[in-house]
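Novice: predicted model and sequence follow; I will ask about them next.
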Amino acid sequence: TSDKVRGFAAGGVDFITKPFHPEEALARVELHLSKRELERRLEEELARRKESEERLQQVNLELQEAIACKDKFFSIIAHDLRNPLGSFRDLSEMILEKSDSLSKSDILRLVKMEFDSTKRMFALLDDLLMWAKSQQNKIEFYPQNTDLAEIIAYDVGLLTLHAQEKQITLKNSVAAPLWG
């Protein structure tokens, strides 16, 4: 018995006693081979799970970045829609409150400004839809030159009413045309 204890202490995992029985020895060898095979499979499964977990963490990080990008984009869109909507609201309010004292030409000018504000909102919504399609790889990109002076003049026109209400003078000093 002390030899068996010393053997286990030295790192032995099994023993065969004398007299030697071939069936018992074969059963012990098969048991240890089976145990080793199960240990190998377990190690492979653990490695596979660790790899899957790392992949899942990477996908989760990419998802969090995509959500942050989407949130920032929606914030920008909301901000960009706010100005034309605010102009539209303010112009409508002005027409309603002062319609009796406004001349026909003033009303037409204000209605045109409302119309321009509405066109800008639609353009922003079209841009949003175009961006969504581009994120889904459903459109092809064809860059083209655009007259930036025209866009700037249009935006200054939209902001003029708000600026006048706050006694701010807007001056567009962009020379036309400005291609970019």
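Specialist: Thanks, I have the structure now. This is a predicted model, so every value here is computed, not measured.
Novice: can you tell me which residue is spatially central in the protein?
Specialist: Nearest to the geometric centre of the chain sits residue 66, at 2.3 Å (C-alpha atoms, centre = their mean).
Novice: assign that one to helix, strand or coil.
Specialist: What DSSP: H, G, I helix; E, B strand; the rest coil gives for residue 66 is helix.
Novice: how far away is the residue of the chain positioned farthest from its centre from residue 26?
Specialist: Computed with C-alpha atoms, centre = their mean, the residue of the chain farthest from its C-alpha average is residue 19, at 73.4 Å. Using C-beta to C-beta, to the nearest Å, residue 19 is found at 15 Å from residue 26. In this view, the C-beta of every residue, glycine as well, is placed from N, C-alpha and C.
Novice: can you check the pLDDT for residue 51?
Specialist: Model confidence at residue 51, given as pLDDT, is 97.
Novice: repeat that for residue 180.
Specialist: 56.
Novice: same question for residue 38.
Specialist: On pLDDT, residue 38 comes in at 97.
Novice: same thing with residue 112?
Specialist: At residue 112, pLDDT is 85.
Novice: for it, give me its contacts.
Specialist: Taking C-beta atoms under 8 Å, 6 or more residues apart in numbering, we find residue 112 in contact with no residue.
Novice: extract the CA atoms of stretch 139-155 and return them as PDB.
Specialist: Extracted as PDB, the C-alpha positions of stretch 139-155 are listed here (Å, rounded to 0.1, in the frame of the first residue of the first chain):
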ATOM      1  CA  ILE A 139     -26.900  52.900 -54.900                       C
ATOM      2  CA  GLU A 140     -23.900  53.700 -56.900                       C
ATOM      3  CA  PHE A 141     -21.900  56.900 -56.200                       C
ATOM      4  CA  TYR A 142     -21.500  59.300 -59.200                       C
ATOM      5  CA  PRO A 143     -19.800  62.500 -57.900                       C
ATOM      6  CA  GLN A 144     -20.600  65.700 -59.800                       C
ATOM      7  CA  ASN A 145     -19.800  69.400 -59.600                       C
ATOM      8  CA  THR A 146     -22.300  71.500 -57.700                       C
ATOM      9  CA  ASP A 147     -22.600  75.300 -57.600                       C
ATOM     10  CA  LEU A 148     -22.000  75.900 -53.900                       C
ATOM     11  CA  ALA A 149     -22.800  79.600 -54.200                       C
ATOM     12  CA  GLU A 150     -26.400  78.600 -55.200                       C
ATOM     13  CA  ILE A 151     -26.700  76.400 -52.100                       C
ATOM     14  CA  ILE A 152     -25.300  79.000 -49.800                       C
ATOM     15  CA  ALA A 153     -27.600  81.700 -51.200                       C
ATOM     16  CA  TYR A 154     -30.500  79.400 -50.700                       C
ATOM     17  CA  ASP A 155     -29.600  78.600 -47.100                       C
END
